[in-house]
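Just to be clear, the model below is a prediction. Sequence and coordinates:
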Amino acid sequence: MKTIEIKGTIRKDLGKKATHALRKEGSVPCIIYGIGENVNFSAHVPAFKNLVYSPNVYIVKLNIDGKEYEAIMKEIQFHPVSDEILHIDFMQILEDKPITINIPIHIIGNSIGVKKGGRLNLVKRTITVKALPNDLPDYLEIDVEQLEVGQSIKVGDLKFANLSLLNNGREPVVSILSSRITAKAEEPGAEGAEATPAAAATATAPETKAKAKA
């Protein structure tokens, strides 16, 4: 998995007044937890640009006043009106301890069903996995080339080396909708249009080619 480096400074004053002052000067209050004592720190807003505003998932190398930590971003809070970053929680990781994280999905192949006029429907954009940090891929690659109209690939159809998939095995990940179902779902006032994609993904998927990309 890709890494990103962020430098920060220990926060000594954790009161509301100090937190407000930090945000006013363009910094984000943060915390690292998970191993030993929690570490409160701050870093300037631009330092988080590539971490927060990206579809990618990263292992974060945090340098806090010269002390280094490896972590993953667990939670982020935004201002409800301005979308300003208010706070970020990081969880420290160790090489020999498995972690749980959401990994993005990449679809490859032009499915048989799409060639026949169907529409690809990506139901899930990420899958929750558990693995050692060094085994985490940048994304999970799913080959849909053999998928027919009306078929789907479910979480239980997927296998990736050194990864445990934590989602319900019956959850559909990607399906091919027929043009007739698609047209009906797009009709103004069509009842149950929102539920159509899930209802269509009932057929058994063919043997699935899937691999994790490092």
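Perfect, thanks for sending it. Numbering: from 1, shown residues only.

Against residue 171, how distant is residue 120?
17 Å (CB to CB, to the nearest Å). Using the backbone N, CA and C atoms, a C-beta is placed for each residue, glycine as well.

For the helix ranked longest in the chain, the averaged confidence score.
Determined from DSSP state H, the single longest helix within the chain is helix 16-24. For helix 16-24, mean pLDDT rounds to 92.

list the helices and strands that helix packs on?
strand 27-33 (3 or more CB pairs under 8 Å, 6 or more residues apart in numbering; DSSP states H and E).

Just checking the distance from the strand it packs on to the centre of its chain.
What separates the centre of strand 27-33 from the centre of its chain is 20 Å, taken as CA atoms, centre = their mean, to the nearest Å.

And the next helix or strand past that strand?
Proceeding N to C from strand 27-33, the next assigned helix or strand is strand 39-44, under DSSP states H and E.

List the strands paired with that next one, with their directions.
When pairing is defined by DSSP bridges, strand 39-44 lines up against strand 3-10 (antiparallel), strand 27-33 (antiparallel).

wait, which of these is closest to residue 124?
Residue 124 lies closest to strand 3-10 among these, at 24.4 Å (CB to CB).

For that closest one, the averaged confidence score.
Per-residue scores along strand 3-10 average to 96.

got the angle for it vs helix 16-24?
On the basis of axes from the mean of the first three to the mean of the last three CA atoms, to 10 degrees, strand 3-10 is oriented at 140 degrees to helix 16-24.

Enumerate the positions of strand 3-10 that are buried.
In terms of neighbour count (16 or more other CB atoms under 10 Å), strand 3-10 has its buried residues at 4, 6, 8.

counting contacts, what elements does the longest strand along the chain pack onto?
Counting by DSSP state E, the longest strand found in the chain is strand 67-78. With contacts defined as 3+ CB pairs under 8 Å, 6+ apart, the packing partners of strand 67-78 are helix 49-52, strand 59-64, strand 85-92.

Ok, which of the ones you listed comes nearest residue 103?
Smallest distance to residue 103 across those (CB to CB): 12.1 Å, for strand 59-64.

Specify the beta-bridge partners of the closest residue to residue 86 other than its chain neighbours.
Nearest residue to residue 86 in three dimensions, chain neighbours excluded: residue 77, at 4.3 Å (CB to CB, 6 or more residues apart in numbering). Beta bridges link residue 77 to residue 87 when assigned by DSSP bridges.

What distance do you get for residue 77 to residue 32?
16 Å.

Same question for residue 76.
14 Å.

shared neighbours of these two, which are they?
Common contacts of residue 76 and residue 32 (CB atoms under 8 Å, 6 or more residues apart in numbering): none found.

Those two - which one has more neighbours?
Counted by other CB atoms under 10 Å, residue 76 and residue 32 do not tie: residue 32 has more neighbours, with 24 against 16.

And the more buried one, what's its pLDDT?
So, for residue 32, pLDDT stands at 96.

And for the one 5 residues further on?
Taken from the predicted model, the pLDDT recorded for residue 37 is 87.

For the helix or strand harbouring residue 152, which strands pair with it and how are they oriented?
Assigned by DSSP H and E, residue 152 falls within strand 152-154. Strands flanking strand 152-154 in the sheet, each with its direction: strand 172-177 (antiparallel) (DSSP bridges).
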